[in-house]
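**Q** coords please:
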Amino acid sequence: MPVPEELLSRLRRFPDVEAPNLFAVDGADRLILDEAGAALLGAANATVAVIGDRYGALTLGAIAGFGATDVRVHQDPITGELALSHNAEREGLSVAYRSCGLDASLLSGARVVLVQLPRSLAALAEIAEAVARHAHPEVVIYAGGRDKHITPAMNEVLARSFGDVHATRGRQKSRVLVARGPLDPPAEPTYPLREHLAELDLEVVAHGAAFAGTKLDIGTRFLLDYLPRMNPDARSAVDLGCGTGILAVELARARADLRVIATDQSAAAVASTAATAHANGVGDRVTALRDDAMSTLGDGTADLIVCNPPFHVGAAVHTGAALSMFRAAGRVLREGGELWTVYNSHLGYRGALRKSVGPTELIGRNPKFTVTRSVKGL
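**A** This is a model prediction of the structure:
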């Protein structure tokens, strides 16, 4: 059975950012499906798992093109989950898959695992270890990506958990790494990692796919310098795009009367933030929420929002995600509420912040970053 091109051509990225230079399907999706085709055709019910499917190409391609049934899927970004859901509903395939965590519910008994390679080696290491720990002993991983994003280190990471790792022939600037023969995993899972940041006296807990891992991102470090100046009357705050939760936890530790919602579209980030909050004694005042740009938060419900927005969408440099976050901040802030933002200075976000939130002043600048304060409704 061929890759179902007609279906793939209809897939959309929605609700993720959509633009002429951003695509729901690429050559890596097609090559993964082709390389795994024979294994997919021979797969029994509930033995196919998909990890990192961006918008549904792997999941729906395996179902519609190769007859896979009861496919289990893990997608770190909630936008990927929502896009898959929308695409599956349009194609009448919603009952053919189910979403799972990166754990035994996803991988128990799995014999075929399709993976869109993550950019982060730590994320790949956590995936490989989870597959080796939970999947069937005869499992085979087909992990693909664009040539420009695949490095020899990815083979090395897979080889820590699998005895046989090799690359397929490339096509359309894409390649697939095939791994089989799971090795005995560590007695205790390697992830999440935990590290003490001496400069903040802070315990940071990080799953593999969480941005910056256990390190302190330099943009976050710069924004923390201004924490004492942030809305002193705030009783409710949001860490928008929380990563491992460092901003949320530092806000909660500095202000005993402040309740913080830490939100991110990444499942790894939300799990990391919850663990970081508990590790630092503020788990009762920091709520970790997986959400797309605060879509489930009410209008005018926050006094303070802090944000270190991304400057990319997936692997593409694109400001769409940040602009969506600014619009969301304008909706969720109360009148007089403040949005404090740190961003790469060359991006020049002040105009967008002024339009989405309100008057925006430059608070600080160093050789790389700018910090601004935007006030709602003034």
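**Q** Now do the contacts for the spatially most central residue of the chain.
**A** The residue lying closest to the centre of the chain (CA atoms, centre = their mean) is S266, at 3.5 Å. With contact taken as CB atoms under 8 Å, 6 or more residues apart in numbering, S266 is in contact with 76-78, 209-211, 290. Using the backbone N, CA and C atoms, a C-beta is placed for each residue, glycine as well.
**Q** So which of those residues are in helices?
**A** I78 (DSSP state H).
**Q** Report the buried members of the contacts of S266.
**A** In the contacts of S266, burial by neighbour count holds for 76-78, 209-211, 290, counting by 16 or more other CB atoms under 10 Å.
**Q** tell me the mean pLDDT for stretch 159-166?
**A** In this model, stretch 159-166 has a mean pLDDT of 98.
**Q** How about stretch 216-226?
**A** 97.
**Q** Buried residues of it, list them for me.
**A** 216-217, 219-224.
**Q** My understanding was that N45 contacts D70; is that so?
**A** Yes. Counting by CB atoms under 8 Å, N45 does reach D70; the two are 5.2 Å apart.
**Q** OK, contacts around the closest residue to G27 other than its chain neighbours?
**A** Spatial nearest neighbour of G27, excluding adjacent residues (CB to CB, 6 or more residues apart in numbering): Q172 at 3.3 Å. Counting by CB under 8 Å, 6+ apart, Q172 makes contact with 27, 30-31.
**Q** if I pick T79, what's in contact with it?
**A** 13, 15-16, 265, 292.
**Q** if I look at the nearest residue to it once chain neighbours are set aside, how far off is S161?
**A** Nearest non-adjacent residue to T79, counting by CB to CB, 6+ apart: D16, 4.0 Å away. To S161, D16 is 30 Å away according to CB to CB, to the nearest Å.
**Q** can you check L362 too?
**A** Relative to S161, and taking CB to CB, L362 is found at 48 Å.
**Q** Please work out how many residues are found near V204.
**A** 28 (other CB atoms under 10 Å).
**Q** got it, and M325?
**A** Neighbours around M325, by other CB under 10 Å: 22.
**Q** my guess is it meets P309, correct?
**A** Yes. Under the contact definition of CB under 8 Å, M325 touches P309, with a separation of 5.2 Å.
**Q** Which residues are in contact with each of those two?
**A** 240-241.
**Q** Could you list which of the contacts of Q172 belong to helices?
**A** Using DSSP H, those in helices are 27, 30-31.
**Q** Quick one: low-confidence residue ranges for the protein.
**A** Applying pLDDT under 70 to the chain flags residues 1, 311-319, 378.
**Q** Would you map out the domains in it?
**A** 5-182, 193-375 (automatic domain parsing).
**Q** Most neighbours among the ones in helices among the contacts of Q172, which one?
**A** L31 (24 neighbours).
**Q** just how off-centre is stretch 290-297 within its chain?
**A** Distance, stretch centre to chain centre, for stretch 290-297: 14 Å (CA atoms, centre = their mean, to the nearest Å).
**Q** scratch that, stretch 198-213
**A** 16 Å.
**Q** What is the end-to-end distance of that stretch?
**A** 16 Å (CA to CA, to the nearest Å).
**Q** Stretch 179-189 too?
**A** So stretch 179-189: terminal residues 20 Å apart, CA to CA.
**Q** What are the contacting residues of it?
**A** Contacts of stretch 179-189 (CB under 8 Å, 6+ apart): 128-133, 135, 137-141, 143, 158-165.
**Q** at 7 Å what do you get?
**A** Stretch 179-189 is touched from outside by 129, 131-133, 135, 137, 139-141, 143, 158, 161-165, with contacts defined as CB atoms under 7 Å, 6 or more residues apart in numbering.
**Q** go on, stretch 203-212?
**A** With CB under 7 Å, 6+ apart as the criterion, stretch 203-212 contacts 76, 118, 120, 122-123, 125-126, 191-197, 213-214, 243-244, 246, 266, 268-269, 271-272, 275-276, 279-280.
**Q** Let's see that with 6 Å instead.
**A** 76, 122-123, 125-126, 191-197, 213-214, 243-244, 268-269, 271-272, 275-276, 279-280 (CB atoms under 6 Å, 6 or more residues apart in numbering).
**Q** Any idea how far apart the tips of it sit?
**A** 14 Å.
**Q** again, but for stretch 357-368
**A** OK, stretch 357-368 end separation, CA to CA: 24 Å.
**Q** Flag every buried residue along it.
**A** Going by 16+ other CB under 10 Å, stretch 357-368 has these buried residues: 357-358, 360, 363.
**Q** just stretch 256-263 next, same as before
**A** 258, 260-263.
**Q** from the residues you listed, which single one is nearest V50?
**A** T263 (25.3 Å; CB to CB).
**Q** count of residues packed around the residue lying closest to E335 once chain neighbours are set aside?
**A** Sequence neighbours aside, G377 is the residue nearest to E335 in space, at 4.1 Å (criterion: CB to CB, 6+ apart). Neighbours of G377 under the rule other CB under 10 Å: 13.
**Q** Give me the secondary structure label for R119.
**A** State at R119, reduced to three classes by DSSP: H, G, I helix; E, B strand; the rest coil: coil.
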